[in-house]
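**Student:** take a look and give me a structure for this.
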Amino acid sequence: MDTIASLFSFITTPVSWIIVQFHSLYGAIFGPDTGWAWGLSIVSLVVLIRICLIPLFVKQIKSMRNMQVLQPKMKAIQERYKNDRQRQQEEMMKLYKDAGTNPLSSCLPILAQSPFFFALYHVLSSIASGKTIGVIDEPLLASARQAHIFGAPLAATFTDSAEKVASLNASIVDVRVVTAIMIVLMSLSQFYTQRQLMQKNVDLTVKTPYMQQQKMLMYIFPVIFAVMGINFPVGVLVYWLTTNVWTMGQQMYVINQNPTPGSKAQDQYLERLLKSVSTHGEIRGRRRRNILRAIVAKGPDRNDNERKFISNLAKAGFSPQADGTVTKVDPATAEAELSGARRQQPKRQTKAKRQQAGTQPTGSRDADEAVSLEKPDAPAGATPKQAAKPAGARQQAKSGQRKGQQRPKHPSSKK
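**Tutor:** Down below sits the predicted model:
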C-alpha cells in the first residue's frame, strides 16, 4: 500500500494544504489538537471532492442506464460472432458509439477519487512515522499525532502493534474497537448502496448477465473493503466511510427523483406523482412536467409502470397533455378515450403472415380478396354446414390418389 501511495506523492501537497485550511477553521472552534478538528477536516475534504465530482456522477448514472438498455443487443452480438473475437469487439465498439455511452464511465467517480485517497493515505502514514509532508510542518505534525477519534489516533491501524500504538499515546484495545466498528460501518454502507441500486433502480423487465454481475459485486465489494480496511489508518477509514455515506445519500436522491424507467423506483415515483395530482389538481414543478411530457411522447412504447400511471390518471379524471400538464375531465370520458386509443392500435401480424403478404403478387391478392368477399353459392339441397364449406373441401381424395386437381386420363388407357 505504501508503494502505491508513493506513486501519488505529487498530489500530497494539495491534499495536505486543503486539510490544513479546514483544520485552521475547526481548530478555532474545537481546539487545534482535538480529534474533532482533524476528523472534520478529513470529512470536509471528502465533501469538497465529491461536490467537484457531481458531473462525473451524473455521467455514471447515464452510462449505467445506457449499458442496461444495451445488454440484450450486446448478448445478441456475442452469440452471433462468438467465433470471431475481432468482429465481436468491432460490433461492440460500434454499438457503444451509436448509443453514445462508454463502459468505463461507470468507474469514473472511483477512478477520480483514487489519487486523493492514496495521497491522504500517504499523508497519514507520514504522520504516524513522525515525518513532515506537504505543508504539514513540525507544529502541525505534533498536533495531528495528539489528535484522537474516540480514543484512536488518526494514524493508527487495526494491525499496529501495542508498542506503536503506545507511542501515539493510545491503547491497543481502543484502536482495534474503533477501527473494527468503522470497518463494519464502511462495509455495510457499501452493501446497502449497491443493494438499493439493484432492488429499486434497475429495469426488472430486462434480464441480462449485467444484472447478475452487479449482484455479485454487491457481495464482493464489502468483503474487499473489510479485508483492506484492517490496513487503513483511522483517518483513511473516516475518509472512506464519509464517501460511502455521501454516495448512499446521493444515490437515494437520484432513485427518488429520477428513477430508471421500468424499475420499482419509477413505479413508486409515479404513485407519488399521481397522489400529488389528485390532491392539487395539477402538475407542480418543471421537472415533473418534463417527466410527464416524456411519458406522453412515448405513446404505445410506454412501459408497464407508465401505462398504469396514465390509466390511473384517467380513472382520477385527469387527461395528460403533450406539454406536461393535465386537464380535468370526466372520468368516464377519459377512460373511454383511453380505451379507444388502445383499440385503434393495429395488431401486429405474425412473421409468417407478413412473409406471405410480401411474397403474394398484388393482382392475386386483389383477386383473392374479391373472391373471399363473395358468398359462395350453395348447391340445392345442401345443409347449412355443407353450404358454408367450399366445394373443394367437400371432395375427399380417395385412398392412394393425389389430392387436388387430377390429370386427365389418356384416351388409350383403360376405363
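
**Student:** what is the neighbour count of the residue nearest to residue 151 when sequence neighbours are not counted?
**Tutor:** Nearest non-adjacent residue to residue 151, counting by Cβ to Cβ, 6 or more residues apart in numbering: residue 174, 3.7 Å away. Glycine gets a C-beta too; all of them are placed from N, C-alpha and C. A count of nearby residues for residue 174, using other Cβ atoms under 10 Å, gives 17.

**Student:** quick one: average pLDDT of stretch 284-295?
**Tutor:** Averaging pLDDT along stretch 284-295 gives 89.

**Student:** about what we covered before: touching, the residue nearest to residue 151 and residue 152? I think so.
**Tutor:** Yes: using Cβ atoms under 8 Å, residue 174 is in contact with residue 152, at 5.6 Å.

**Student:** any idea which element the residue nearest to residue 151 lies in?
**Tutor:** For residue 174, the enclosing helix or strand under DSSP states H and E is helix 172-200.

**Student:** now that helix: average pLDDT?
**Tutor:** Average pLDDT, helix 172-200: 89.

**Student:** how about residue 323, phi and psi?
**Tutor:** Here is the backbone geometry of residue 323 (degrees, to the nearest 10): phi -90, psi 10.

**Student:** that one: neighbour count?
**Tutor:** Quick note: residue 323 (other Cβ under 10 Å) scores 10 neighbours.

**Student:** same check on the one 5 residues further on?
**Tutor:** Close neighbours of residue 328, defined as other Cβ under 10 Å, add up to 11.

**Student:** who's it bridged to?
**Tutor:** residue 318 (DSSP bridges).

**Student:** what's near enough to touch residue 153?
**Tutor:** Counting by Cβ atoms under 8 Å, 6 or more residues apart in numbering, residue 153 touches 128, 145, 147, 165, 168-170, 175, 234.

**Student:** quickly list what it is bridged to.
**Tutor:** In this entry, residue 153 is beta-bridged to residue 148, by DSSP bridges.

**Student:** relative to residue 175, how far out is it?
**Tutor:** Distance of residue 153 to residue 175, given as Cβ to Cβ, to the nearest Å: 7 Å.

**Student:** can you tell me how far the residue nearest to residue 151 sits from residue 284?
**Tutor:** According to Cβ to Cβ, residue 174 and residue 284 sit 52 Å apart.

**Student:** overlap of the contact sets of residue 153 and residue 175?
**Tutor:** Residues touching both residue 153 and residue 175 by Cβ under 8 Å, 6+ apart: 165, 234.

**Student:** tell me where the stretch 101-250 of the chain has helices.
**Tutor:** 108-129, 138-146, 162-167, 172-200, 209-229, 234-257 (DSSP state H, counting those that start in this stretch).

**Student:** can I get the ones you listed in CSV with distance to residue 280?
**Tutor:** Listed next are the helices of the stretch 101-250 of the chain as CSV, based on distance: least, Cβ to Cβ, whole Å:
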stretch, distance to residue 280
helix 108-129, 37
helix 138-146, 54
helix 162-167, 60
helix 172-200, 26
helix 209-229, 37
helix 234-257, 18
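
**Student:** pick out the shakiest of these, pLDDT-wise.
**Tutor:** Across the helices of the stretch 101-250 of the chain, the lowest-scoring stretch is helix 209-229, with a mean of 76.

**Student:** tell me what angle it forms with helix 172-200.
**Tutor:** Counting by axes from the mean of the first three to the mean of the last three Cα atoms, to 10 degrees, helix 209-229 lies at 170 degrees to helix 172-200.

**Student:** which other residues reach helix 209-229?
**Tutor:** Outside of helix 209-229, the residues within contact range by Cβ under 8 Å, 6+ apart are 67-68, 71, 75, 158, 179, 182-184, 186-188, 190-191, 194-195, 197-198, 202, 237, 240.

**Student:** if you set the cut-off to 6 Å instead, what comes out?
**Tutor:** 71, 183, 186-187, 190-191, 194-195, 198 (Cβ atoms under 6 Å, 6 or more residues apart in numbering).

**Student:** return the member of those residues nearest to residue 20.
**Tutor:** For the contacts of helix 209-229, the residue nearest residue 20 by Cβ to Cβ is residue 186; the value is 25.3 Å.

**Student:** that older thread, out of the contacts of helix 209-229, which two are the most distant from each other?
**Tutor:** Every pair of the contacts of helix 209-229 checked by Cβ to Cβ; the farthest is 71 and 183, at 33.9 Å.

**Student:** more neighbours: the two, which one.
**Tutor:** Taking other Cβ under 10 Å, residue 71 and residue 183 do not tie; residue 183 has more neighbours (22 against 17).

**Student:** who's in contact with the more buried one?
**Tutor:** Going by Cβ under 6 Å, 6+ apart, residue 183 touches 226, 229.

**Student:** and it, how far from residue 39?
**Tutor:** 16 Å.

**Student:** just residue 30 next, same as before
**Tutor:** For residue 30, the distance to residue 39 equals 9 Å [Cβ to Cβ].

**Student:** buried subset of the contacts of helix 209-229, written for PyMOL?
**Tutor:** Selection of buried members from the contacts of helix 209-229 for PyMOL, criterion 16 or more other Cβ atoms under 10 Å:
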select buried, resi 71+183+186+187+190+191+194
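
**Student:** could you dump the contacts of helix 209-229 into CSV and include distance to residue 270?
**Tutor:** Output for those, formatted as CSV (distance: Cβ to Cβ, whole Å):
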residue, distance to residue 270
71, 24
183, 39
186, 34
187, 34
190, 29
191, 28
194, 24
195, 22
198, 20
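
**Student:** residue 302: which of the contacts of helix 209-229 is nearest?
**Tutor:** Nearest to residue 302 among those: residue 71, at 20.5 Å, using Cβ to Cβ.
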